[in-house]
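Novice: below are the sequence and a predicted model; questions follow.
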Amino acid sequence: MRSIIELKNVSKRFAGIKALNDVSIKISAGEVVGLIGDNGAGKSTLIKTLVGVHAPDSGSIEIRGDHVEGWNALKARNAGIETVFQDKALCPQQSIVWNIFMGKELTFPFGFVRQKEQVKIANRLIREIGLTSELIDAEAPVGNLSGGERQGVAIARAIFNEAELIVLDEPTNNLSLNETQKVFDFVGNVKNSGRSVLFIGHNIYHVYDISDRFIILDRGEVIHRLNKQEVSSAEKLMKIMRDTIKGH
């Protein structure tokens with residue numbers, strides 16, 4: 001599969017503490033990768049490095065096989081890497097279309113917003129990722145949506161921003177089983193479109209169900225890489241994680 005991003009031997013320090021230590025990961029097109037690890041494992045630092053908030057102190061980053069110098073947030077976004085954080089960064093009082101286009105509005109030469117065109121595009125995007133209810137229209141307020149549906153809006157916004165890799169940070173946190181399934185459906189549609197997802201979660205059952213393979217992080221190091229075929233159940237994945245961390 002074509003590589004989207006590859007980190008090679010990346011390390012990152014903060015005030016002398018090594019948050020990432022010689023980390024190497026690769027994410028290819030059309031896959032869902034589950035990232036798991038206890039609190040303090042380095043997941044947040046790894047996410048922020050992937051999206052350019054942090055530049056590595058050492059190691060290298062390749063985008064589609066090409067080495068990139070001076071890694072930053074702009075280069076990450078230009079590479080098609082978008083993050084949906086836990087708070088989703090949505091404005092509940094505003095419409096779905098407003099949230100998708102905020103800061104990137106389509107305008108006529110004199111500055112007026114091309115509202116009808118934005119609504120048409122927003123409706124296409126939310127249908128594409130699986131928000132198919134006739135009750136949900138692009139002009140509806142985000143505040144009327146459920147937690148899972150709001151995740152869908154955030155994912156649709158990432159797709160509008162031409163994301164090829166969408167990083168989902170705890171996307172099923174505090175969601176019901178029904179809402180979690182909605183998120184899974186959205187992720188499946190993203191994968192089917194040829195895009196990729198890095199799925200970060202504490203709920204191992206959720207990570208196991210949705211991911212094609214797994215990366216286990218502990219104290220800033222990758223301690224395991226597993227394909228789903230190698231792990232028969234979420235319980236087995238948890239045991240591997242606990243045993244490996246205990247011996248690390």
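Specialist: Received, thanks.
Novice: centroid-nearest residue for the protein?
Specialist: residue 167 (1.3 Å; Cα atoms, centre = their mean).
Novice: residue 174 and residue 206, how far apart?
Specialist: 12 Å (Cβ to Cβ, to the nearest Å). For glycine as for every other residue, the C-beta is placed from the backbone atoms N, C-alpha and C.
Novice: show me what the residue nearest to the centre of the chain bridges to in the sheet.
Specialist: Counting by DSSP bridges, residue 167 is bridged to residue 83, residue 198.
Novice: surely it and residue 196 touch.
Specialist: No - taking contacts as Cβ atoms under 8 Å, residue 167 lies outside contact range of residue 196: 9.6 Å.
Novice: before we move on, the earlier item: give the contact list for the residue nearest to the centre of the chain.
Specialist: 47, 50-51, 81-84, 197-198, 200 (Cβ atoms under 8 Å, 6 or more residues apart in numbering).
Novice: of those residues, buried ones?
Specialist: Taking 16 or more other Cβ atoms under 10 Å as the criterion, what is buried in the contacts of residue 167 is 47, 50-51, 81-84, 197-198, 200.
Novice: okay, buried residues for stretch 236-245 please.
Specialist: Neighbour-count burial for stretch 236-245 flags 237, 240-241, 245 (criterion: 16+ other Cβ under 10 Å).
Novice: which of those fall within helices?
Specialist: 237, 240-241, 245 (DSSP state H).
Novice: and which of these is nearest residue 155?
Specialist: Of all those, residue 155 sits closest to residue 237, with 24.5 Å by Cβ to Cβ.
Novice: quick one: which of residue 174 and residue 206 has more around it?
Specialist: Per other Cβ atoms under 10 Å, whichever of residue 174 and residue 206 has more neighbours is residue 206, with 21 against 9.
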